[in-house]
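>>> one predicted model, sequence on top.
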Amino acid sequence: MDITFDVLALLFFVAGLAGFIDAMAGGGGLLTLPALLSAGVPPTQALATNKLQSSFGSFSASWYFVRSGIVNLKEMRLAILCTFVGSAIGAELVQHIDAGVLTSLIPILLLGISLYFLMAPQAGEGGGKPKLSESMFAFSVGTGVGFYDGFFGPGTGSIFTICFVAIAQLSIVHATARTKVLNFTSNLAALLFFIIAGLPIWEIGLVMAVGGFIGARMGAKMVVTKGKKYIRPLVVVMSMVMALKLLWAQNAQWLLSLF
């Protein structure tokens, strides 16, 4: 594709903002994917290029959390493995199975996540007794959500976060940090399939990757310094926005026909 410098610069800054938001609450793809489509990138290549740039952002945030001591990768080895396998299976099956059922269910789940954080004031405080062992959490949540991310994707960060908060009983800060590690894992697994298929546009993806890397680093630092003051409301807002976007995409034609 023939992309001008001005368009690349705009995509760089969009990716930076998306990386910042994504590191804190997820949902950065709400900015980057439409930006890629608006730049004239075909839908399939836009998805692949978006996965390329978002992998750098999720890696940047994960790296910061690990270096800050919030995440211990040894404790997450099984969850990382299960998430990678689940995402790889999802990325393969999406080529053969209709994702229509997930398209209908995910907005409801995202709205449920928003209501959970709004109506449970103590959610995200941490310190409770986990409802599943670490191995069971890895096999069920890691594999299941990883599969979803490889198969469909929107809201993966919010789903991981709510699982870490509600099931693993972690604080919102530790839940967000672990979410980014598993998010990077599932992104990487799906990206490998896109690369094998030759779909990412490297020139665009790498420029956006730099912006996303910087933005995600800033967002991760905000998580560590400001904690739940900003994360909780952002998770609520981003979950609602993603849900409404998916609902609009499903019903736009029907709604427009009413006018």
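Received, thanks.

>>> how about the strands in the stretch 151-259 of the chain?
In chain order, the stretch 151-259 of the chain shows no strands, with DSSP state E, counting those that start in this stretch as the criterion.

>>> how far off centre is stretch 25-40?
12 Å (CA atoms, centre = their mean, to the nearest Å).

>>> now do stretch 222-233
The answer for stretch 222-233 is 17 Å, by CA atoms, centre = their mean.

>>> pLDDT of that stretch, averaged?
In this model, stretch 222-233 carries a mean pLDDT of 77.

>>> and if you look at stretch 69-87?
Here the average pLDDT along stretch 69-87 is 94.

>>> can you give me the end-to-end distance of that stretch?
26 Å (CA to CA, to the nearest Å).

>>> if you count neighbours, what's buried in that stretch?
Using 16 or more other CB atoms under 10 Å as the test for burial, stretch 69-87 gives I70, V71, M76, A79, I80, L81, C82, T83, F84, V85, G86, S87. Using the backbone N, CA and C atoms, a C-beta is placed for each residue, glycine as well.

>>> widest-spaced pair of the residues you listed?
Among these, the pair separated by the greatest distance (CB to CB) is I70 and V85, at 24.8 Å.

>>> what's the end-to-end length of stretch 196-205?
With CA to CA, one end of stretch 196-205 sits 16 Å from the other.

>>> secondary structure element holding G69?
In this structure, G69 sits in neither a helix nor a strand according to DSSP states H and E.

>>> if I look at it, how far off is V224?
When distances are taken as CB to CB, to the nearest Å, G69 and V224 turn out to be 10 Å apart.

>>> quick one on the thing from earlier: Throw the buried residues of stretch 69-87 into CSV and include distance to L36 and secondary structure, thanks.
Output for the buried residues of stretch 69-87, formatted as CSV (distance: CB to CB, whole Å; DSSP: H, G, I helix; E, B strand; the rest coil):
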residue, distance to L36, secondary structure
I70, 31, coil
V71, 30, coil
M76, 31, helix
A79, 30, helix
I80, 28, helix
L81, 31, helix
C82, 30, helix
T83, 25, helix
F84, 25, helix
V85, 28, helix
G86, 25, helix
S87, 21, helix
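
>>> and the helices in the stretch 1-150 of the chain, which stretches?
With DSSP state H, counting those that start in this stretch as the criterion, the stretch 1-150 of the chain has helices at 5-25, 29-38, 43-67, 77-93, 100-119, 134-137, 143-151.

>>> Y230 is nearest to which of these?
Of all the helices of the stretch 1-150 of the chain, helix 5-25 sits nearest to Y230, with 6.4 Å by CB to CB.
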